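1. Show me the folded form of this:
(one chain, ligands or ions: 1)
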Amino acid sequence: LAASLLMMGVVPADAATAGKPAGFVAVQKTHFTRDGKAYYIAGANFWYGAYLGANDKARLVKELDTLKSMGINNVRVLAVSEKTDMPSAVRPATTSAPGKYDERLLAGMDVLLAELAKRDMTAVIYLNNFWQWSGGMTQYLNWFAGTPALDPNVTKDYDTYMRETAKFYRNDKAQAEYRNVIRTFVQRKNTVNGRAYASDPVIMSWQLANEPRPGNGNATADEKAVYVKWIADTAGYIRSLDKHHLVSTGSEGLAGSAQDADLFVKAHQARDVDYLTYHLWPKNWGWIDSKRVDATWNDALAKSSHYLNVHIDYAKQLGKPIVLEEFGMDRDGASFDIKAPTTVRDRFYKEVLDVVVGRAEKGDPVAGFNFWAWGGAGRAANPDYWWKEGNDLMGDPPQEEQGLYSVFDTDKSTMALIRQYADRLHALERK
Ligand SMILES: O=C1NC[C@H](CO)[C@@H](O)[C@@H]1O
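-> Okay, the predicted model is just below:
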């Protein structure tokens, strides 16, 4: 009966949503609700949204209008960047040194949130980054442990990078500064519309970090235990400052949990983690060869389908919703050129969204998706497709070629596809 009620968008209220201020996204057992109605995420990754808020409001307005026209109701954005020597990080950074935050860039988030409010859109805001493209945890360790911030784009040694970066979780001084940043955001007052962030329903979820991992693929039991404790403690800290907004981890799922299902489940059992997240990257994970699609497609799709379904089953097991908050595929022939076709990408998006939206329609604990990533009007500036300070920002952060995964405003077939699936999810919400 509950599932059929839900299908009609009728969500019986219960303690979980009682006392939620108007407009806030709540978790009702295995689904999101908003003002008593079922709520689904048809979202975009838009990591640079606050940067546009600070530096290019005209483009921000245009991008949000285009996304809205595609049925997008949620954006996943980076909160802060840390100044670093690592070459493949975004510049300028919000944080120039511990405790030194650029108010002009912080105000970019104010502009973004105010514009989202006008369009009835919500935001997932991640407060740190396991990867180097915004400085992130590695830069915190450079500040507080004095260890070198080694850009894996330069060293090509991701295993060492991941093992060293995970030391962030056990560095007390780094954690203290990270909590300063959390407090700076959670207790901020929007300078554009005067709203206190903690009372702003546009914020759907505070997210601990982008893709936090326990270490590398050989993470030890001790590293895993430190990771699980960091998630629980940090989620609890955010909840102590802000009892109404949702909290999420930013996890990729098994790929970001050393392929350890128990670790992924344990990390998301934490009382103050409200929903599960996972990401799907067949090219990054070596499942598909973009230059040999015919030979590798079937295996990549089988692995992707399994990955999609097994994580929805973990959500069922935990009794919490799950969001596929990143997935992507490059352009045909692994081209970065905006003129290259996107037939493989479109085929992949369709396969992924058929699973995700299909299971949402069956009443499974699927709360929605965010594709990676909206490039919109951004354009690559250099013949080698690498980003340089002052160039357009787009869906691909500086550590990747500008055009790798970005969906541009000229990619009409992909935009139409996203719209179709967004409409199917919104149909599940009772108007
Ligand atoms: O969070 C992320 N996940 C995958 C993206 C594409 O490789 C990457 O740019 C980003 O660091």
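2. how close does the residue in the stretch 51-200 of the chain positioned nearest to the ligand sit to Asn309?
-> In the stretch 51-200 of the chain, the residue found nearest to the ligand is Trp131; the distance is 4.5 Å by CB to the nearest ligand atom. From N, CA and C alone the C-beta is placed, and that goes for glycine too. Separation of Trp131 from Asn309 (CB to CB, to the nearest Å): 27 Å.
3. Comparing the two, which shows the higher neighbour count?
-> Trp131 (23 against 14; other CB atoms under 10 Å).
4. Next up, the contacts around Asp102.
-> Residues near Asp102 by CB atoms under 8 Å, 6 or more residues apart in numbering: 92-96.
5. For the stretch 1-150 of the chain, which segments are assigned as helices?
-> With DSSP state H, counting those that start in this stretch applied, the stretch 1-150 of the chain shows helices at 2-7, 49-55, 57-69, 103-118, 136-144, listed in chain order.
6. Save these as JSON lines, and put in distance to the ligand, mean pLDDT and mean neighbour count too.
-> Formatted as JSON lines, the helices of the stretch 1-150 of the chain follow (distance: least, CB to the nearest ligand atom, whole Å; pLDDT from 0 to 100; neighbours: other CB atoms under 10 Å):
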{"stretch": "helix 2-7", "distance to the ligand": "31", "mean pLDDT": "53", "mean neighbour count": "14"}
{"stretch": "helix 49-55", "distance to the ligand": "15", "mean pLDDT": "98", "mean neighbour count": "23"}
{"stretch": "helix 57-69", "distance to the ligand": "18", "mean pLDDT": "98", "mean neighbour count": "17"}
{"stretch": "helix 103-118", "distance to the ligand": "19", "mean pLDDT": "98", "mean neighbour count": "20"}
{"stretch": "helix 136-144", "distance to the ligand": "10", "mean pLDDT": "98", "mean neighbour count": "23"}
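7. And the next helix or strand past the biggest helix by length in the chain?
-> Taking DSSP state H as the criterion, the chain has its longest helix at helix 293-318. Downstream of helix 293-318, the next assigned helix or strand under DSSP states H and E is strand 322-327.
8. how many degrees apart are that next one and helix 293-318 in direction?
-> Between strand 322-327 and helix 293-318, the angle comes out at 150 degrees (axes from the mean of the first three to the mean of the last three CA atoms, to 10 degrees).
9. what does the stretch 201-350 of the chain have sitting close to the ligand?
-> 210-211, 279, 281, 284, 326, 328 (CB under 6 Å from any ligand atom).
10. a markdown table please, covering those residues and showing secondary structure and neighbour count.
-> Shown next, in a markdown table, are those (DSSP: H, G, I helix; E, B strand; the rest coil; neighbours: other CB atoms under 10 Å):
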| residue | secondary structure | neighbour count |
| --- | --- | --- |
| Asn210 | strand | 27 |
| Glu211 | coil | 19 |
| His279 | strand | 25 |
| Trp281 | coil | 20 |
| Asn284 | coil | 15 |
| Glu326 | strand | 24 |
| Gly328 | coil | 24 |
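11. For those residues, please prepare CSV with the additional fields pLDDT.
-> Converted to CSV, those look like this (pLDDT from 0 to 100):
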residue, pLDDT
Asn210, 99
Glu211, 99
His279, 98
Trp281, 98
Asn284, 98
Glu326, 99
Gly328, 98
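12. out of these, which one sits closest to Ser81?
-> Nearest to Ser81 among those: Asn210, at 11.1 Å, using CB to CB.
13. which residues touch the closest one?
-> Residues counted as contacts of Asn210 (CB under 8 Å, 6+ apart) are 47, 78, 126, 128-131, 134, 136, 250.
14. now with 6 Å?
-> Asn210 sits next to 126, 129, 250 when contact means CB atoms under 6 Å, 6 or more residues apart in numbering.
15. just Glu115 next, same as before
-> The contact partners of Glu115, by CB under 6 Å, 6+ apart, come to Leu64.
16. Please spell out which residues along stretch 393-413 are buried.
-> 393-409, 411 (16 or more other CB atoms under 10 Å).
17. By neighbours, which of the contacts of Asn210 wins?
-> Highest neighbour count within these: Asn129, with 28 neighbours (other CB under 10 Å).
18. That one is in contact with Gly136, isn't it?
-> Yes: counting by CB atoms under 6 Å, Gly136 is a contact partner of Asn129 at 3.5 Å.
19. give me the subset of the buried residues of stretch 393-413 touching the ligand.
-> Applying CB under 6 Å from any ligand atom to these, one finds that 397, 400, 405 fall near the ligand.
20. just curious, which of these is nearest to Ser69?
-> For those, the nearest to Ser69 is Tyr405 (21.1 Å; CB to CB).
21. pLDDT weak spots in this structure?
-> Within the chain, the segments meeting pLDDT under 70 span 1-18, 431.
22. same thing but at 90, please
-> Scanning the chain for pLDDT under 90 picks out the ranges 1-20, 430-431.
23. The closest residue to Leu353 other than its chain neighbours sits in which helix or strand?
-> Distances taken as CB to CB, 6 or more residues apart in numbering place Tyr421 nearest to Leu353, at 4.2 Å, with adjacent residues excluded. Applying DSSP H and E as the criterion places Tyr421 in helix 412-426.
24. ok and that helix relative to helix 57-69, angle-wise?
-> Using the same axes, to 10 degrees: helix 412-426 against helix 57-69 is 60 degrees.
25. residues making contact with helix 412-426?
-> 40, 42, 70-71, 342, 346, 349, 353, 357, 368, 407.
26. Mind doing that once more with 8 Å?
-> Under the contact criterion CB under 8 Å, 6+ apart, helix 412-426 has outside partners 40-42, 69-73, 342, 345-346, 349-350, 353, 356-357, 360-361, 368-369, 371, 407, 409.
27. Now intersect the residues you listed with the strands, please.
-> Of these, the ones assigned to strands by DSSP state E are 41-42, 368-369, 371, 407.
28. Of those, just say which sits nearest to the ligand.
-> Closest to the ligand out of those is Phe371 (11.3 Å), distances taken as CB to the nearest ligand atom.
29. give me every residue that touches that closest one.
-> By CB under 8 Å, 6+ apart, the contact set of Phe371 is 43-45, 326-328, 349, 407, 418.
30. How about Asp337?
-> Contacts of Asp337 (CB under 8 Å, 6+ apart): 331, 403.
31. Please report how far it lies from Ser134.
-> Between Asp337 and Ser134 the computed distance is 26 Å (CB to CB).
32. looking at it, Phe264 is touching Ala258, isn't it?
-> No: contact criterion CB atoms under 8 Å: Phe264 and Ala258 do not qualify, at 9.2 Å.
33. In contact with the nearest residue to Thr155 once chain neighbours are set aside, which residues?
-> The shortest distance from Thr155 to any non-neighbouring residue, by CB to CB, 6+ apart, is to Tyr161 (6.9 Å). Applying CB under 8 Å, 6+ apart, we find Tyr161 in contact with 132, 138, 150, 152, 155.
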